[in-house]
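Novice: Predicted structure and sequence below. I'll ask about it afterward.
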Amino acid sequence: MTATIDEPGVAASTDGQPALTVRNLWKVFGPRADKIVGSPDADLSRSELLAKTGCTTAVRDVSFDVAPGEVFVVMGLSGSGKSTLVRCLTRLIEPTVGQVTIDGEDVVAMSETRLRELRRHHVSMVFQHFGLLPHRKVIDNVAYGLEVRGVSKSERRSRAQDMVDLVGLSGNENAYPDQLSGGMQQRVGLARALAVDPSVLLFDEPFSALDPLIRRDMQNEVIRLHHEVGKTMVFITHDLAEALKLGDRILIMRDGALVQMGTPAEVVGAPADEYVRDFVSEVPRSHVLNLSWVMRPPRVDESMTGPEMAPNTIVRDAARRVIDSADPVRVVENGQLLGVVDQDDILRVIVAEETPS
Amino acid sequence: MTIELAELEHHLEEAPGHPEERTNRRRWMALGIVLIVWAVLAKLLQGRNTQDLPNAELTGFQQWLSDLFGNVQEAKFNGSLLLQPFVWISDTLNWVVTTLQQIFVSDPDRALDTAQIGWLGVVALVVLVAYALSGVRIAILSLVTILAVGYLGYWEDSIDTLIITGVSVTICVLLGIPLAILMFRSSRASAAITPVLDAMQTMPSFAYLAPFALLFGIGNAGAVMVTLVYALPPLVRITAHALGTVSPTTVEATASMGSTSRQLLAKVQLPMSRRTIIVGLNQTVMAALSMAVIAAFIAGPGLGLPIVRALNALNIGVAFVAGMCLVILAILLDRAAVRAGQRAEMTARSGSSERQRWIVLGVLAVVTLGCIIASRSKLRWSIFPESDIGQQIATRVNDWTKAFTDAAGSLTEWVNDTATVWVLNPLEDLMANSPWWLVALAILAIAALLGGAGHGERARVISGAALCTAAVLAAGYYAAQVPDVAWIPYWLVVAALLAVGSYLGAAEALLPTAVCLTLIFGVGLWQDSMVTLSMTLVATSAVMFFGVVVGTWMGRSHRVDSAVRPVLDLLQTMPSLVYLIPALALFPPGKFLAVAAAVLYASPVAIKIAADGIRSVAPTTIEAAQAIGSNRWQMISKVQLPMSKGSMVLAANQGMLFVLSMVVIGALVGGGSLGYLVITGFSQDGFFGKGLAAGIAITALGIMLDRITVHTAARYGRAERA
Ligand SMILES: Nc1ncnc2c1ncn2[C@@H]1O[C@H](COP(=O)(O)OP(=O)(O)O)[C@@H](O)[C@H]1O
Ligand SMILES: [Mg+2]
């Protein structure tokens, strides 16, 4: 995942059918909410709509695809509708209007029974406040999803034990949730979600309640697990650093609507509007952008003897060699020259960080 | 901080021009005028139009109720289809209780009426159950308790009380948990059941007796029914509440894994609310025990009987011994329930001690079996050994009481006389011995001023209020004119007046007050009700005095709180009947005695609510007030008390309902009025109707007081928020 900042604009492995498709999804809370979408009221701002009808548009006309194995991050300030969006995916909250497809199947049209099957086998979720059962041991919390499926006790225990080991909680399987630290509790939440071997994992701000250091550990844990089990993930966060660290692609929301969707480099390199620009202004750009974002066509008088580098090299990693080299670095892919980068180009990125616009 | 300061300044300055303050002041002035006019007119018109009804007389309606009792019994006997369900239920309950009595108390089919399981077996069983549910300590406590009640001479009565309580609580659980689940799942069911529970909880225990005796007969079945109905509300209410407050994240998380709603209930919601449900169960057990002894008035078996008999005979010693048995049983049940709740969790967590526990249980079970077999074969293991410890204690207590009366009797008598002459009698004159129309109008006016007359358009509210007043006056007039005829069409007109008044806009405190007053006139017990009401008001004032003083003291200091609270908790586990005993030791029988018992009974709950109110004043506000430089008295009078006004009214509400419930029980020791009518309803032939009418009047008084205080509290809540 750290090596995902590839060519801008292209999602990771889009071949074949997407794991998850969302089309024109709306969620309006309030009385007679279904009458709002499609009426002129839908275009009102949140506060105007609330004053006029008593309704809140939590999600407004959002569409996106998630490829199998992709880590898709949804980001936005608190109240921007992220939690509502992710709950609409398995109808923990019923969408007002719109289409959700998981593994090719229409979720909105599903019967109660089919929906339960989906939740039991295909999609699991990790919650900000863990949502563990305080009266059950860790192992039985992890086994819960298998239990409601009707898996026999010995089988689900052994599977749950594997998951406990996988998330690094070996030895704590007989503890009760309140005997564990927050980080460990969230590992239990993670193991519980993984135990049913879902094809899609949903995370709703799973680490926001944790201390910064533990949060970093848990992020690395997610990266590790993604490498090991390769699940499709939809990850909600309000923390841009987390989004950039984990996401193959990022969707930025404001007041329920999609503002920008793209790779971390696209979001940082080309913010769609002031809102996103504000968001990313504090980000060290050299940590996110790669050479394809800073390179330029060679000038005629320039030496073409500098070292070669790949376009997806992160600026920070390239900086030393670019600055050390007397000649501009040539950005080359598949033997083709894409552009050059010299000391000034690199310094411009780094200096811009020191003096924010 | 700025908000707290602003709020504080509001309280400190009492901003004179503030509109809320202005209406408040106008309201208090109006209230003062009403009281003065009432007092003056009452003095002038003393003794006229009082609607007094001699104890030996029945109104037409009461006679009709008395006849109804006979008719219902006859119809049951003749197999009336309508009454079959009641017959069936009471037969079943009678069978259950009788069977349990045969097993544990006495079986006429056995030699010497011995029980199937004699005392030794019962003791072993009790210890076994206590150990299984609540652990070693409670097992020992139960052994001591059960032996103590035996040696005090109340073995059979105690077992009877436990049987009635146990059967009732079992049915409570079987009915209450599903009911709570229904309420939790369906908001419509909840909306339908909640007002019923509200009404049940405002009904004083005495008011339950007559209707249940009517439907289920006196004796075992009636006793179980009143007990279970009285004890049901806390369990239902607390369980529904607990289910509704299970962490939403956990519910969502488990739902997201594809749990069915049944799995959600069984694996998540019920287990997660278990601890709270046990709190509800504890309250239900305590309520059941308290009611099981009051059921003595409808011939329920158990400890209630000797207590009532001793109180009637003014034999404090015997009442004390029997009451002590009841109290230690109550403490045992309370401790056992609390422990059972804690333990269930602990044993689930510590796997190691589990094996040891099973071994002990196994040994205990074998011993118990041995004891049961022994108790069936040997008379000395079957009939509890004779002992005169109880009698000795009773004599001793009687001696002490006499010594006390000799020494301090003049003092308590002085207190009694002073309070009676200067407080109780004047208030009784004001309420019961002055014209009914004056009192009714005054009550309506006070209700409207304190709790409001309705919301919405002014003109509509006023006309609605006028119609309601007219209805009350019409009811009173009719009740005064023709006390021996129940002419239905007339009452229909009165009801129509109320309905139209309510339609127009009468609401809040005024409407329920009008309805309740109408009811009191309707059942023909105006004067007795007003006597009871005056006693209730006196006792409530005393309760509120203690509530505010002790509550403030507790609320301001953790140390005081942790010292006083256990005492209050203990007082609250005592069944209501017991409170009459110490009161009787101190004061001569009469109205003041009933009031004193009521004050004793109602103070703990009022103190607790008041203390919580004081405590809940935001610490930042306190800090801000200190920063401004308030001294202690200013802090109490300008910050803490005004800011917990809502809690104080709530304390008055609960205190009042407790007081009312006890004041009527006080009839047993000379309290007279409505409670006395309830008792004679069961003890004197042909007076059942009057007792039932008194029950209705008690309920009406309870609902009226409850509604007035609830709406007053709501007003203060609004003012506090504004
Ligand atoms: N059950 C609900 N009823 C009404 N409004 C809601 C409900 N849930 C969320 N909202 C509103 O929808 C908006 C989006 O909420 P949410 O999805 O929780 O945002 P986020 O997770 O991004 O903080 C908020 O304005 C919130 O007040
Ligand atoms: Mg959220």
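Specialist: Arrived safely, thanks for sending. Ligands and ions are numbered 1, 2, ... in the order given.

Novice: Indicate the residue of the stretch 301-450 of chain B located nearest to chain A.
Specialist: Relative to chain A, the nearest point of the stretch 301-450 of chain B is B:R349 (6.4 Å; CB to the nearest CB). Glycine gets a C-beta too; all of them are placed from N, C-alpha and C.

Novice: Can you check the pLDDT for that residue?
Specialist: B:R349 carries a pLDDT value of 71.

Novice: Also A:V340?
Specialist: 88.

Novice: The one 10 residues further on too?
Specialist: Each residue has a pLDDT score; the one for A:I350 is 78.

Novice: swap in B:R718?
Specialist: Note on B:R718: pLDDT of 55.

Novice: can you pull out the strands in the stretch 251-357 of chain A?
Specialist: A:257-262, A:308-309, A:329-333, A:336-341 (DSSP state E, counting those that start in this stretch).

Novice: what are the pairing partners of the second one, and which direction each?
Specialist: Using DSSP bridges, strand A:308-309 pairs in its sheet with strand A:329-333 (parallel).

Novice: So which residue is smack in the middle of chain A?
Specialist: Taking CA atoms, centre = their mean as the criterion, A:V73 is the residue nearest the geometric centre of chain A, at 1.8 Å.

Novice: List the residues that contact that one.
Specialist: By CB atoms under 8 Å, 6 or more residues apart in numbering or on different chains, the residues touching A:V73 are A:V234, A:F235, A:I236, A:T237, A:E242, A:A243, A:L246, A:G247, A:R249, A:I250, A:L251.

Novice: Tell me the pLDDT of it.
Specialist: On the pLDDT scale, A:V73 gets 96.

Novice: Give me the three-state assignment for it.
Specialist: Assigned state for A:V73: strand (three-state reduction, DSSP: H, G, I helix; E, B strand; the rest coil).

Novice: my read: A:L201 touches A:H122, true?
Specialist: No - if you go by CB atoms under 8 Å, A:L201 and A:H122 don't touch, sitting 10.3 Å apart.

Novice: excluding its backbone neighbours, what's nearest A:H287?
Specialist: Distances taken as CB to CB, 6 or more residues apart in numbering or on different chains place A:R316 nearest to A:H287, at 5.3 Å, with adjacent residues excluded.

Novice: Which of the strands of the stretch 251-357 of chain A sits closest to B:I294?
Specialist: Set against B:I294 and scored by CB to CB, those come closest in strand A:257-262, at 65.2 Å.

Novice: Using CSV, lay out the strands of the stretch 251-357 of chain A together with mean neighbour count and distance to ligand 1.
Specialist: Putting these into CSV (neighbours: other CB atoms under 10 Å in any protein chain shown; distance: least, CB to the nearest ligand atom, whole Å) gives the following:
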stretch, mean neighbour count, distance to ligand 1
strand A:257-262, 20, 12
strand A:308-309, 16, 39
strand A:329-333, 20, 38
strand A:336-341, 18, 38
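
Novice: would you list the ones you listed in CSV and tack on distance to B:Y154?
Specialist: Converted to CSV, those look like this (distance: least, CB to CB, whole Å):
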stretch, distance to B:Y154
strand A:257-262, 76
strand A:308-309, 97
strand A:329-333, 97
strand A:336-341, 98
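
Novice: Please flag which of the contacts of A:V73 sit within strands.
Specialist: A:V234, A:F235, A:I236, A:T237, A:R249, A:I250, A:L251 (DSSP state E).

Novice: possible to save those as a markdown table with distance to chain B and pLDDT?
Specialist: What follows is the ones in strands among the contacts of A:V73, written out as a markdown table (distance: CB to the nearest CB, whole Å; pLDDT from 0 to 100):
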| residue | distance to chain B | pLDDT |
| --- | --- | --- |
| A:V234 | 13 | 96 |
| A:F235 | 16 | 95 |
| A:I236 | 14 | 95 |
| A:T237 | 17 | 94 |
| A:R249 | 24 | 95 |
| A:I250 | 24 | 94 |
| A:L251 | 21 | 95 |
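
Novice: of all the residues you listed, which comes closest to B:T165?
Specialist: Nearest member of the ones in strands among the contacts of A:V73 to B:T165, counting by CB to CB, is A:I236, at 53.2 Å.

Novice: What about the closest one, how many residues nearby?
Specialist: Burial of A:I236 is recorded as 26 neighbouring residues (other CB atoms under 10 Å in any protein chain shown).

Novice: Run a quick neighbour tally on the residue nearest to A:H287.
Specialist: 17.

Novice: circling back: for the nearest residue to the residue nearest to the centre of chain A once chain neighbours are set aside, what are its contacts?
Specialist: Closest residue to A:V73 apart from its sequence neighbours, by CB to CB, 6+ apart: A:G247 at 3.4 Å. A:G247 makes contacts with A:V71, A:F72, A:V73, A:F235, A:T263, A:P264, as judged by CB under 8 Å, 6+ apart.

Novice: From B:G646, how far out is the residue in the stretch 551-700 of chain B positioned nearest to ligand 1?
Specialist: Nearest residue of the stretch 551-700 of chain B to ligand 1: B:A618, at 25.5 Å (CB to the nearest ligand atom). Going from B:A618 to B:G646 by CB to CB, to the nearest Å gives 14 Å.

Novice: Mind putting the contacts of A:V73 into a markdown table with distance to ligand 1?
Specialist: Listed next are those as a markdown table, based on distance: CB to the nearest ligand atom, whole Å:
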| residue | distance to ligand 1 |
| --- | --- |
| A:V234 | 13 |
| A:F235 | 13 |
| A:I236 | 7 |
| A:T237 | 10 |
| A:E242 | 14 |
| A:A243 | 13 |
| A:L246 | 17 |
| A:G247 | 16 |
| A:R249 | 18 |
| A:I250 | 14 |
| A:L251 | 12 |
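
Novice: thinking again about what came up before, with neighbour numbers in mind, choose between B:A618 and B:G646.
Specialist: Legend: neighbour count by other CB under 10 Å for B:A618 and B:G646, higher for B:G646 (20 against 12).

Novice: returning to what we had before: so can I have JSON lines of the contacts of A:G247 showing distance to A:M309?
Specialist: Below are the contacts of A:G247 laid out as JSON lines (distance: CB to CB, whole Å):
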{"residue": "A:V71", "distance to A:M309": "26"}
{"residue": "A:F72", "distance to A:M309": "29"}
{"residue": "A:V73", "distance to A:M309": "27"}
{"residue": "A:F235", "distance to A:M309": "30"}
{"residue": "A:T263", "distance to A:M309": "19"}
{"residue": "A:P264", "distance to A:M309": "19"}
